[in-house]
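Visitor: Whatever this is, show me its structure:
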Amino acid sequence: MALGKGKVLGRGLGNLIPVNENNVEISKDEQSGLREIKVSEISPNPHQPRKQFSDASIQELSNTIVEHGVIQPIVVQKNPSGSGFLLVAGERRLRACKLAGFAKIPAIVRDLSEADMMELSLIENIQRENLNPMDEALAYQAIIDKRGLKVTDLATRVGKNRATISNLIRLLSLPKPLQDWVKEGKLSEGQARPLLSIPDSKKQFEVAQKVISEGWNVREVENYVSNLLNPEKKSSSSANVSDKRDASIVKLETKLRNKFSSKVEVSHNETNGKGKIVFSYANLSDMERILEQLGVKL
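Guide: Numbering: from 1, shown residues only. Coordinates of the predicted model:
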């Protein structure tokens with residue numbers, strides 16, 4: 001009986017005080033996965049959404065780390081195809097530590113699937129510092145492909161608006177030079193979006209060059225593209241539409257265009273108070289996106 005009790009007691013203590021294979025108590029940090037790891041043992045994250053890092057920003061962070069230490073551990077996982085670890089989140093902190101000459105860095109070791117790793121990296125980046133639109137779009141598309149998610153599901157998981165993600169992903173259909181201009185900040189996301197309506201990539205390129213060289217704002221780009229695609233409407237509207245439009249109507253149109261990422265026209269009759277709001281869409285998918293934003297389910 002005594003032996004039996006001892007066995008039970010030993011198993012109970014083992015559950016209360018976790019030990020490693022050498023029967024040495026495992027610290028709380030180890031239990032949580034927190035430990036100090038040599039920076040030389042950490043390989044870059046192959047799914048890092050951010051492709052560019054500001055040297056000035058890393059230097060600034062490095063100075064802070066030298067002064068105050070690493071306040072928040074990075075996240076790593078054991079390298080499944082070799083020794084050492086793979087970085088999951090915290091590349092700026094890792095780079096800053098290397099720059100500061102640190103040999104080790106506090107890290108939380110997690111056991112993640114490749115898809116989990118991609119998602120965690122993306123969330124970490126969009127929560128900390130704005131990614132450029134193209135890198136963010138590529139990361140969203142990669143997770144959708146990897147996990148087989150719908151845009152709506154991904155939006156819920158990363159805490160973003162569905163339309164925001166959908167609009168970003170649409171930018172991936174732009175020609176490569178235009179994507180590079182968006183990445184470099186020569187074209188804003190808002191300036192680039194109307195170009196998606198132009199069916200010919202050569203024409204998209206020509207218009208993008210005009211946008212950059214002439215410094216058009218988003219509305220000017222939308223108007224130019226609309227007139228380009230509907231030349232008959234342009235001549236008609238030139239004759240009928242004057243500069244007498246109510247400033248509040250123009251302002252409303254701008255607000256609606258920004259909210260729905262689509263060309264919107266508001267016509268208002270001052271005499272009888274009637275009017276209409278017209279949305280333009282590039283294709284059926286775009287129409288579905290707008291309807292969803294309006295709360296209309298097909």
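Visitor: Strands of the stretch 101-250 of the chain, residue ranges please.
Guide: Here the stretch 101-250 of the chain has its strands, by DSSP state E, counting those that start in this stretch, at 104-109.
Visitor: Any stretches of it with poor pLDDT?
Guide: 126-130, 232-244 (pLDDT under 70).
Visitor: try it again with 50
Guide: For the stretch 101-250 of the chain, applying pLDDT under 50 flags the ranges 239, 241-242.
Visitor: all helices for it, in order.
Guide: In the stretch 101-250 of the chain, the helices defined using DSSP state H, counting those that start in this stretch lie at 114-128, 133-147, 151-158, 162-170, 176-184, 189-192, 201-214, 218-229, 231-240, 247-260.
Visitor: Generate TSV for the ones you listed, with distance to G82 as supplementary columns.
Guide: Glycine gets a C-beta too; all of them are placed from N, C-alpha and C. Formatted as TSV, these follow (distance: least, CB to CB, whole Å):
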stretch	distance to G82
helix 114-128	15
helix 133-147	22
helix 151-158	30
helix 162-170	33
helix 176-184	31
helix 189-192	38
helix 201-214	41
helix 218-229	47
helix 231-240	60
helix 247-260	48
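Visitor: Let me have these in CSV, adding distance to Q72 and mean neighbour count as columns.
Guide: Shown next, in CSV, are those (distance: least, CB to CB, whole Å; neighbours: other CB atoms under 10 Å):
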stretch, distance to Q72, mean neighbour count
helix 114-128, 10, 18
helix 133-147, 21, 20
helix 151-158, 20, 16
helix 162-170, 26, 19
helix 176-184, 28, 17
helix 189-192, 29, 21
helix 201-214, 39, 15
helix 218-229, 37, 18
helix 231-240, 55, 10
helix 247-260, 35, 14
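Visitor: what's the closest of those to L94?
Guide: helix 114-128 (12.3 Å; CB to CB).
Visitor: name the helices or strands packed onto the closest one?
Guide: strand 74-78, strand 85-89, helix 133-147, helix 151-158 (3 or more CB pairs under 8 Å, 6 or more residues apart in numbering; DSSP states H and E).
Visitor: after the second one comes which helix or strand?
Guide: The one in question is strand 85-89. Beyond strand 85-89 on the C-terminal side, the first helix or strand identified by DSSP states H and E is helix 91-100.
Visitor: Need the contact partners of that next one.
Guide: Contact with helix 91-100 is made by 39, 42, 44-45, 48, 50, 53, 57-59, 61-62, 64-66, 70, 72, 74, 87, 105, 128-129, as judged by CB atoms under 8 Å, 6 or more residues apart in numbering.
Visitor: In ChimeraX, how would I select just the buried ones from the residues you listed?
Guide: A single ChimeraX command is used to select the members of the contacts of helix 91-100 judged buried by 16 or more other CB atoms under 10 Å:
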select :39,42,45,48,50,58,61,62,65,70,74,87,105
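Visitor: Sort out which of the contacts of helix 91-100 are in helices and list them.
Guide: Members of the contacts of helix 91-100 lying in helices (criterion: DSSP state H): S57, I58, Q59, L61, S62, T64, I65, V66, R128.
Visitor: Determine which two of those are furthest apart.
Guide: Checking these with CB to CB, the most distant pair is V66 and R128, at 20.1 Å.
Visitor: related to what we said a few turns ago, can I get the ones in helices among the contacts of helix 91-100 in a markdown table with distance to S248?
Guide: A markdown table is the format used below for the ones in helices among the contacts of helix 91-100 (distance: CB to CB, whole Å):
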| residue | distance to S248 |
| --- | --- |
| S57 | 42 |
| I58 | 47 |
| Q59 | 48 |
| L61 | 46 |
| S62 | 51 |
| T64 | 47 |
| I65 | 51 |
| V66 | 54 |
| R128 | 39 |
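Visitor: Lowest-confidence entry in those residues?
Guide: The lowest pLDDT within the ones in helices among the contacts of helix 91-100 belongs to R128, with 63.
Visitor: I figured I123 hits V158, correct?
Guide: Yes: I123 is in contact with V158 according to CB atoms under 8 Å; the separation is 5.6 Å.
Visitor: Nearest the middle, which residue of this protein would you pick?
Guide: E136 (3.5 Å; CA atoms, centre = their mean).
Visitor: how much space is there between it and R257?
Guide: Going from E136 to R257 by CB to CB, to the nearest Å gives 21 Å.
Visitor: what distance separates the start and the end of stretch 97-109?
Guide: End-to-end distance of stretch 97-109 (CA to CA, to the nearest Å): 18 Å.
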